[in-house]
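Chemist: got a predicted structure here, sequence first:
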Amino acid sequence: MKRLLRTVGILVTGGIIFVLIFLPSVPVKSSENYTTYSVNAVSLPPVLTFAGEAVPLEYFDVRESLDREIQVNTYFHSQTILIIKRSARFFPEIEKILKEENVPDDFKYLAVIESGLQNVVSPSKAAGFWQFLKKTASDYGLEVNDEVDERYHLEKATRAACQYLKNAYNELGSWTLAAAAYNAGINTIKQALATQQQQSYYDLQLNDETARYVYRILALKLILANPAKYGFMIDSTELYRPLPFTEIKVDTAISDLSRFAIQQGTNLKILLILNPWLRNNSLKPDRKKTYVLRIMNNDQRKLFENNESKRP
């Protein structure tokens, strides 16, 4: 045992001597040499509205709820940057449909918090930009089957969402409550209003997700309306622009979408980017159905890429 301890002592001593002699010294920076880095809290605006309805920021609970969401989304850098970039591509079409459907423009931010402007699928199997469940989609006229899922069809899904929101507004009398109902359901909000004897979303005790829902919409509205104010310095050339396409009508069966895409001067990948509602490699419309496909041929694709490369 003594021999072992003596051996260990020799090894440790030798190691220390080796480090002192052979390894270069590492200078230690004094505290004044470090660059100061600070993270600043984001200030809230003095006045805010949603769909023309005032947000009561004079209430401490409302103010703190909004504060939570604006801080979270401002400092969720990668996700928020991508949302800003995608919004340049998809907002023009969404805004146009909202206007045609007489739904306030602020509801484009609802699509943002639902999906991040991506065709995602939730754990509950809600799908698309507007996160429709299969049954709700069918109730609002969207086709959902093995070949076609119109929850992924931006125009049709946006119009279906508008119809839901208008129904909610007609029953609840408030666009803010209609937004909350998009998350919790119209009946859930009606029951909460009746049980708690309240009239405003901002006065309701709700489950955590719905309680945060409108504040998340408001936070994204503030950031996307003025990204630079919240520290997102994104040049216009870095935004994702709307994609060029032409439309063709299809009322006969397509047995192989890959071959069809090649015949149109494109490929299956680009065909599905423009038509994500196509869910199989075939399309067989019934006798009364006509589909409109968006097509970007290879020349349009190359022109788009060339234009990007010429930007300063």
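Modeler: It's in. Numbering: from 1, shown residues only.
Chemist: all strands of the protein, in order?
Modeler: For the chain, applying DSSP state E gives strands covering 49-50, 53-54, 246-250, 291-295.
Chemist: parallel or antiparallel, which strands does the last one pair with?
Modeler: Okay, so that is strand 291-295. Strands that pair with strand 291-295, judged by DSSP bridges, come out as strand 246-250 (antiparallel).
Chemist: now do the partner strand: everything it contacts.
Modeler: Here strand 246-250 makes contact (CB atoms under 8 Å, 6 or more residues apart in numbering) with 264, 283, 285, 290-297. For every residue, glycine as well, the C-beta is placed using N, CA and C.
Chemist: of the residues you listed, buried ones?
Modeler: The neighbour-count criterion (16 or more other CB atoms under 10 Å) marks 264, 283, 291, 293-297 among the contacts of strand 246-250 as buried.
Chemist: re the thing from before, which one of the contacts of strand 246-250 is nearest residue 241?
Modeler: Nearest to residue 241 out of those is residue 296 (CB to CB; 12.8 Å).
Chemist: measure the closest residue to that closest one other than its chain neighbours to residue 96 for me?
Modeler: Closest residue in space to residue 296, ignoring its immediate chain neighbours: residue 245 at 4.9 Å, by CB to CB, 6 or more residues apart in numbering. Per CB to CB, to the nearest Å, residue 245 is found 15 Å from residue 96.
Chemist: likewise residue 62?
Modeler: 32 Å.
Chemist: now residue 248
Modeler: 21 Å.
Chemist: what do you get for residue 88?
Modeler: For residue 88, the distance to residue 96 - CB to CB - is 14 Å.
Chemist: and these two? Which one has more around it.
Modeler: With neighbours defined as other CB atoms under 10 Å, residue 88 and residue 96 compare such that residue 88 has more, 16 against 12.
Chemist: excluding its backbone neighbours, what's nearest that one?
Modeler: residue 239 (3.7 Å).
Chemist: same thing with residue 39?
Modeler: Nearest residue to residue 39, sequence neighbours excluded (CB to CB, 6+ apart): residue 75, at 7.5 Å.
Chemist: local confidence estimate at the one you found?
Modeler: The model reports residue 75 with a pLDDT of 92.
Chemist: cool, and residue 106?
Modeler: pLDDT for residue 106: 98.
Chemist: count the residues that sit near the residue nearest to it when sequence neighbours are not counted.
Modeler: Counting by CB to CB, 6+ apart, residue 51 is the residue found nearest to residue 106 once chain neighbours are left out, at 4.7 Å. For residue 51, the count of nearby residues is 18 (other CB under 10 Å).
Chemist: worst-scoring helix or strand of this structure, pLDDT-wise?
Modeler: helix 2-22 (a mean of 43; mean pLDDT, DSSP states H and E).
Chemist: which residues does residue 162 contact?
Modeler: Applying CB under 8 Å, 6+ apart, we find residue 162 in contact with 97-98, 101, 103, 107.
Chemist: just the closest of the residues you listed to residue 259, please.
Modeler: For the contacts of residue 162, the nearest to residue 259 is residue 97 (32.4 Å; CB to CB).
Chemist: wait, what's in contact with the residue most central in space within the chain?
Modeler: Of all residues in the chain, the one closest to the mean position by CA atoms, centre = their mean is residue 116, 0.7 Å from it. Neighbour list for residue 116: 79, 82-83, 86 [criterion: CB under 8 Å, 6+ apart].
Chemist: let's see if you can find the most crowded of the residues you listed.
Modeler: residue 83 (23 neighbours).
Chemist: let me see the contact set for that one.
Modeler: Residues in contact with residue 83 (CB under 8 Å, 6+ apart) are 112, 116-117, 220, 224.
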